[in-house]
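Q: Build me a model:
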Amino acid sequence: MDERAEFLARYSPFDRLTPEELDRVAASLREQDAPARALALVEDGPPAKWLYVIRAGSMELVHEDEVVDVLTRGELFGHPSLLTGMAPSFTVRAREDSKLYLIPPDVAVDVLGRPAGAAFVAETLRERLTRTGQTVHALPEVRTIHVGALATQAVFCDPEEPIRTAASAMRDQHTSAVLVRIGGELGIVTDTDLRDEVVAGSVPADAPLRSIARAPVKTIAADRLAVEASIDMMDAGIHHLPVVDARGEVVGVVSANELMNLENVSPFAIRRSIARARSEDELVDAVRQLPRAFVAMLDSGIDATEVTRVLALQSDSATVRLIDIAMDRHGSPPVPYAWLALGSVARRELTLASDQDNALAYGEGGPEVDEYFERVAADVNAGLARCGFGADRADVLARNRQWRMSGSDWMRTFTECYETPDRSHLVRAAVSFDFRHVVGGLQIVPPLVEILQEAPRHPDFLARLARTVTDFRPPLGFRRRLSGELDIKRGGVVPIANLARFHALANGITISRTLDRLAAVEELGALRRETAQSLREAFTIVTRVRLEHHAARIQAGEEPDNLVDPRQLPPLARLDLQEALRAAADAQKQLSRFAPLGM
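A: Numbers count the residues shown, from 1 in each chain. As a prediction, the model looks like this:
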């Protein structure tokens, strides 16, 4: 037995093979070096052509930008994709300089088809799915939120005005404290002071405010964590802290009540409240906490693309609960079904100003089957609209018969997009090819993914799709500069998302997230590294600008929208946004190698 066979014999499932069988496996394999950060497989990329064994070093299993597991020497990967012929469910990249054994398909199938091999496959799949659920669905914790995200507006009063006037200001401004400046020092008067000193004490309500103010008052920096503010309050025996920025300027006040209620607006708590909602009204009440949690996550420094992922997860939770409520009302489904998220929800790029895009697939049946799902879908779409996930203006909703059909009809529809790439089919492809299974037992994803993987074999479809990518152009004026109000979605997000979708389809990549698509096509060498990196940076910038605009409107008591005035942005942010849009425009011009644009 040679050295390679001896190595394999130490690890499952090879440890059940005879010496002769081990020699056959060892003789068939090839060796491959994997430098640090090199990718062996790409999530939703081309199917695995080998069974991989780690001979030395370690490899990371990555799903949706999260490291799900670390595989070390003797461990296998690639077998689910190899055995099914489907795209890998994980990206596998070298954590360090590593060496791999590559076992050809016929030999791999023989080994994995034995009882020990089958048990190994089942065990590893279960473990990795469990790890994925624990990792990918994790949400930002309360302790990551900064005090600045929780501070309410500071209300200042003149220290010489009557206490009665300050009390009226506290009532009118819905605050439990006012601030004063006495002799250059910052002071505070709280509702507790009013109760103890005026209502239950001897200080008259017409006395000057300075008579009950406490100065100097302890402050806390806006970038401190909420848990640190709680400790400071308990240590000092107080219930309010003025919040200051890096220059020492007051930006707000945080109270003990807000810190105690923080758990109720954390992403974890909101998701838990959604799952426990007994009615649609209770669910709507739970989702109403999302805007505050959104602002807190953004202000605490969480990456903007992660914030959109959290919002998509909350949308999924609300959808699942609304489907449960609807089915309690209309009865059990007559056939298996699958609720599909489309568009930004499918890409996990949801914002609080995103449209509601969804579809529904169901098993075969007569008209009564569709009538049942029409009723359910109508209830769910209406419920999501009540929750603030607005109805799509193009009516891309499961209640619409165009977006609700049997699984076989969905497969035919996907195929028709290739065979008849007219304008209507190109629009449908742009929407429905970004899909994600949310809930339901119908196995619709594998056949639809197989159809998506056929896109590279339809050059006419790709050429026509390339032309549609420029339907939304970055709004750059004279000398390619920003001018006037900008629809950050239509002019910033959509052009980059369209580019990423085109390049992914052209290369058989079926993953949905924009950043993941760009990374995958770059790793495959299908898009120049400089272009891919510029587009990823551009997408991150426009997403951040969009979310910060939403947060500003929420804090001002207004509905989030996508209309950004670049002139109101800080100079550096305005310059970054301009460069981001230029990168998108340049990448659109490069599509001329796929099709003459403008035809």
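
Q: Could you count how many residues lie near the closest residue to residue 35 other than its chain neighbours?
A: Nearest residue to residue 35, sequence neighbours excluded (CB to CB, 6 or more residues apart in numbering): residue 97, at 5.6 Å. (Glycine included, C-beta is placed from N, CA and C.) Neighbour count of residue 97, defined by other CB atoms under 10 Å: 14.

Q: Roughly how far does residue 97 sit from residue 592?
A: Residue 97 sits at a distance of 40 Å from residue 592 (criterion: CB to CB, to the nearest Å).

Q: pLDDT value on the residue nearest to residue 35, please?
A: pLDDT for residue 97: 91.

Q: Could you report the distance from it to residue 56?
A: 8 Å.

Q: Any idea how many residues pack against residue 495?
A: 27.

Q: how far is the helix or strand where it lies from where the chain is centred?
A: Taking DSSP states H and E as the criterion, the element that holds residue 495 is helix 494-506. Its chain's C-alpha centre and that of helix 494-506 lie 18 Å apart, by CA atoms, centre = their mean, to the nearest Å.

Q: Report the inter-axis angle for whichever helix or strand comes after that helix versus helix 494-506.
A: Following helix 494-506 in sequence order, the next helix or strand is helix 514-523 (DSSP H and E). Put simply, helix 514-523 runs at 50 degrees to helix 494-506, going by axes from the mean of the first three to the mean of the last three CA atoms, to 10 degrees.

Q: per-residue confidence for the closest residue to residue 85 other than its chain neighbours?
A: Leaving aside its chain neighbours, residue 85 sits nearest to residue 47 (5.4 Å; criterion: CB to CB, 6+ apart). Residue 47 is assigned 89 on the pLDDT scale.

Q: if we can go back for a sec, same for the helix holding residue 495, what does it pack against?
A: Applying 3 or more CB pairs under 8 Å, 6 or more residues apart in numbering; DSSP states H and E, we find helix 494-506 packed against helix 459-468, helix 514-523, helix 529-555, helix 571-589.

Q: Who are the packing partners of the first one?
A: Of the remaining helices and strands, those touching helix 459-468 by 3+ CB pairs under 8 Å, 6+ apart are helix 423-432, helix 494-506.

Q: Same list, those, but as TSV with distance to residue 565 please.
A: Formatted as TSV, these follow (distance: least, CB to CB, whole Å):
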stretch	distance to residue 565
helix 423-432	28
helix 494-506	19
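
Q: Please identify which of these is closest to residue 60.
A: Proximity to residue 60 (CB to CB) singles out helix 494-506 among those, at 21.8 Å.

Q: just the CA coordinates of the closest one, formatted as CSV?
A: Below are the C-alpha coordinates for helix 494-506, written out as CSV (Å, rounded to 0.1, in the frame of the first residue of the first chain):
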residue,chain,number,x,y,z
VAL,A,494,-30.6,48.7,-10.3
PRO,A,495,-27.9,49.3,-12.9
ILE,A,496,-25.3,47.4,-10.9
ALA,A,497,-27.8,44.6,-10.0
ASN,A,498,-28.7,44.2,-13.7
LEU,A,499,-25.0,44.0,-14.6
ALA,A,500,-24.3,41.4,-12.0
ARG,A,501,-27.4,39.3,-13.1
PHE,A,502,-26.3,39.4,-16.7
HIS,A,503,-22.7,38.3,-16.1
ALA,A,504,-23.9,35.6,-13.7
LEU,A,505,-26.4,34.1,-16.2
ALA,A,506,-23.9,34.3,-19.0
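
Q: Could you pull up the contacting residues of the nearest residue in space to residue 162 that is not next to it in sequence?
A: Once flanking residues are discounted, residue 162 sits nearest to residue 206: 4.8 Å by CB to CB, 6+ apart. Residues in contact with residue 206, defined by CB atoms under 8 Å, 6 or more residues apart in numbering, are 162-164.

Q: Among those residues, name the ones in helices.
A: Those of these mapping onto helices are 163-164, per DSSP state H.

Q: In this structure, where is pLDDT below threshold?
A: Within the chain, the segments meeting pLDDT under 70 span 64-66, 123, 125-144, 227, 231, 234-235, 260-266, 268, 300, 593-599.

Q: Could you chop the protein up by domain?
A: 3-136, 151-253, 270-442, 465-593 (automatic domain parsing).

Q: Of those, give the one that comes closest to residue 259.
A: The closest of these to residue 259 is domain 151-253. By CB to CB, the value is 5.1 Å.

Q: where exactly do the helices run in the stretch 1-150 of the chain?
A: With DSSP state H, counting those that start in this stretch as the criterion, the stretch 1-150 of the chain has helices at 3-8, 19-28, 79-84, 105-112, 115-136.

Q: What of the stretch 251-400 of the chain?
A: When secondary structure is read from DSSP H, counting those that start in this stretch, the stretch 251-400 of the chain shows helices at 256-261, 267-276, 280-287, 290-299, 304-330, 343-346, 367-386.

Q: The ones you listed into CSV, with extra columns for mean neighbour count and distance to residue 549?
A: Listed next are the helices of the stretch 251-400 of the chain as CSV, based on neighbours: other CB atoms under 10 Å; distance: least, CB to CB, whole Å:
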stretch, mean neighbour count, distance to residue 549
helix 256-261, 15, 24
helix 267-276, 18, 21
helix 280-287, 18, 21
helix 290-299, 22, 11
helix 304-330, 21, 11
helix 343-346, 25, 16
helix 367-386, 18, 22
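
Q: could those be laid out in CSV, adding distance to residue 336?
A: Shown next, in CSV, are these (distance: least, CB to CB, whole Å):
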stretch, distance to residue 336
helix 256-261, 42
helix 267-276, 23
helix 280-287, 25
helix 290-299, 31
helix 304-330, 13
helix 343-346, 20
helix 367-386, 11
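
Q: What is the end-to-end distance of stretch 154-173?
A: 10 Å (CA to CA, to the nearest Å).
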